Every structure is written in structure tokens, then in C-alpha cells.
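Novice: sequence first, predicted coordinates after that:
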Amino acid sequence: MSGADRKPRALDRIDTSVAHPARRYNYWLGGKDNFQADRDSGDAIAAAFPTVPMAALENRRFLRRAVSFLTREAGIRQFLDIGTGIPTADTTHEVAQRIDPSCRVVYVDNDPIVLAHARALLTSTPQGATVYLDADVRDPATILSHPDLRRTLDMSEPVALMLVAVLHFVTDDEDPHGIVRTLVDALPSGSYLTVSHVTMDHMRPENAAYARTSQSHGPHGVLAFRSGERIARFFDGLELVPPGLESVVTWRAADEPGPRPSIEDAQIYCGVARKP
Ligand SMILES: C[S@@+](CC[C@H](N)C(=O)[O-])C[C@H]1O[C@@H](n2cnc3c(N)ncnc32)[C@H](O)[C@@H]1O
């Protein structure tokens, strides 16, 4: 059964009294799909990091540039986008299919609100395909063996694995590096890994103290800020494409309209790497 078919059950699972990462991110991006608990949590985090809405926008811009690079310059036609988020302008398939309508995208998220919006992710061109899986990145085996994924992606051809602003919701205890290794191991040579991740590098001391306390379950759920060194380890064994691990503000951003925020304003690292 596809995600969209399960919409009524998804709505049953939605708890509006607790903040959810997807709805909080939607709030920071200026969207309407959020509730009071999400706005309160978003405001509390913004009190510690006032530029967080700008960081969310910059992350979104990075995602668009990365998909564009992967489709136009790296020749990728298949995407596995885990931690999709509530659909907003320029989702992965919209950007990729504008360049080549035959692109195929598998979306994965574990939030019932994203599942409830899945229809907006399933607006593929006739030449391409999109599917949505209601699944958890912490369970890569279920994602990789899902019949809808197997029907949509040819796993003998290169795939771009997109883990954009999702791994910081996985605690150290849950082994984020092992999860990424399992996913990348399932992909053929010529595939790509794209990661963006909040960092505690470049932080003012008071922010760094806050970041350390939110490593595991803090008042706003998991938000595991990691150092550039630890984020770089997600790319072990892969070839980072230029400019390497960078801020979402600067990664291939020469054509972004100015003025640009500073790296300190958007404390998110990102990178794209090829599997040899
Ligand atoms: C900050 S949003 C990022 C959305 C999109 N990738 C982007 O960068 O614009 C994080 C998304 O990851 C999802 N997420 C968090 N933990 C997850 C998990 N364990 N498995 C799958 N998705 C998860 C959330 O529901 C949310 O939709």
C-alpha cells in the first residue's frame, strides 16, 4: 500500500500538542502547516539561535542547488530522499524533473503530517515517478527492501541518497554513521551521498552550551549538533565533490542573489560525495 493510501490512519497519528521537527521547520520557513506547540518550540530555539529561520531557508536553497548539480552535472536520474519534510516549493522531484522529466524519486519520512501531505509529493511527470514511504531512517533495512522502492528505483544504476537536515534527529546511541554506511553500501558505484547537518562549530560560547545540552532528548526532542569533523565522517570512503564540506551558505552559491548571510548565521554544514 502506498503512503497516500494510508492518509486516514496518518491523520489519526498526528499529535498537535507536541512539537514535531517537520512542522517546526515549516514554521521557520514561513509555512502554514504547523500548530501552537511547533511555534512555541520554534520560538524557544530561535531565542537561543535568532537566525534559525534564515538557516532553514539556506538549507532549503542548498537542497535545490544540490539536486540541480546532481541532475545537471553528475547525470543522476534517481533519488532516495530520506527526511523529506512537509512539501514546499522546489521539492526534489520538481527540481530534478525540470532538468530531466524522467527522474525518479523515492521520498521517506516518519512524520504522519508529512504522510498526510504526501499527495503533493506524488505529482510526478508522466515520464518519471515519485513514491512516498512512511518509514524511519533508523531502520534502513526496511527502507531498502520496501517493494515500492524496488519498483521505483533500479538499484543497479546510480542513486543520489539525500539526507538533508535529518541526521541531527538521530542520537549518537542510534549510530547515525552506521545507518549512513548501511544505506550507502546498498548503492552502486557512481551513486552520491548528500548531507546537511547542524553544527556546533563557529558557535558563540553560550550557543555551544545550549547545543551540548540538546545532544540527546532535550526539551525540543533530539537536535544533535555535531562538529565538522564528525559530520565529515559520514563521507568516509566517498569522494567529496568540490568545494567539499562547507556551510550551506557558501556551497556552490556563487549564483545565489545577495546579500548573503554569514556562516555563523546558518550553522549548518553540507556536502555532496560520489561513491567510487
Ligand atoms: C528539518 S526537516 C528537513 C526537510 C528537508 N529534507 C529539507 O532539508 O528541506 C527534517 C525532516 O526529517 C524528518 N525526520 C526526523 N527524524 C526522522 C526519522 N527518524 N526518520 C525519517 N524522517 C525523519 C522530519 O519528520 C522532517 O520532515
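Specialist: Sure thing, it's come through. Residues are numbered from 1 along each chain as shown.

Novice: shaky segments in this protein?
Specialist: 1-11, 206, 209-220 (pLDDT under 70).

Novice: how about 50 then?
Specialist: The chain contains residues with pLDDT under 50 at 1-7, 216.

Novice: what residue in the stretch 1-150 of the chain comes nearest to the ligand?
Specialist: Residue nearest to the ligand within the stretch 1-150 of the chain: residue 85 (2.7 Å; Cβ to the nearest ligand atom). Glycine gets a C-beta too; all of them are placed from N, C-alpha and C.

Novice: chain neighbours aside, what residue packs nearest to that residue?
Specialist: Distances taken as Cβ to Cβ, 6 or more residues apart in numbering put residue 22 closest to residue 85, at 5.4 Å, once the chain neighbours are dropped.

Novice: what lies in contact with the helix or strand that contains that neighbour?
Specialist: Using DSSP states H and E, residue 22 sits in helix 21-28. Where contact means Cβ atoms under 8 Å, 6 or more residues apart in numbering, the residues beyond helix 21-28 that reach it are 32-35, 38-39, 41-42, 45-46, 52-53, 56-57, 85-86, 88, 109, 111, 113-114, 165, 169, 220-221.

Novice: what's near enough to touch the closest residue to residue 228 other than its chain neighbours?
Specialist: Nearest residue to residue 228 in three dimensions, chain neighbours excluded: residue 201, at 5.0 Å (Cβ to Cβ, 6+ apart). Counting by Cβ under 8 Å, 6+ apart, residue 201 touches 227, 228, 267, 269.

Novice: what do you get if the cut-off is 10 Å, keeping everything else the same?
Specialist: Residue 201 sits next to 208, 225, 226, 227, 228, 229, 231, 247, 263, 264, 267, 269 when contact means Cβ atoms under 10 Å, 6 or more residues apart in numbering.

Novice: count residues in the vicinity of the fifth one, would you?
Specialist: In this case it means residue 228. Per other Cβ atoms under 10 Å, the neighbour tally for residue 228 reads 17.

Novice: that one and residue 183, how far apart?
Specialist: As for residue 228, its distance to residue 183 is 21 Å (criterion: Cβ to Cβ, to the nearest Å).

Novice: next: the last one.
Specialist: Using Cβ to Cβ, one gets 19 Å for the distance from residue 269 to residue 183.
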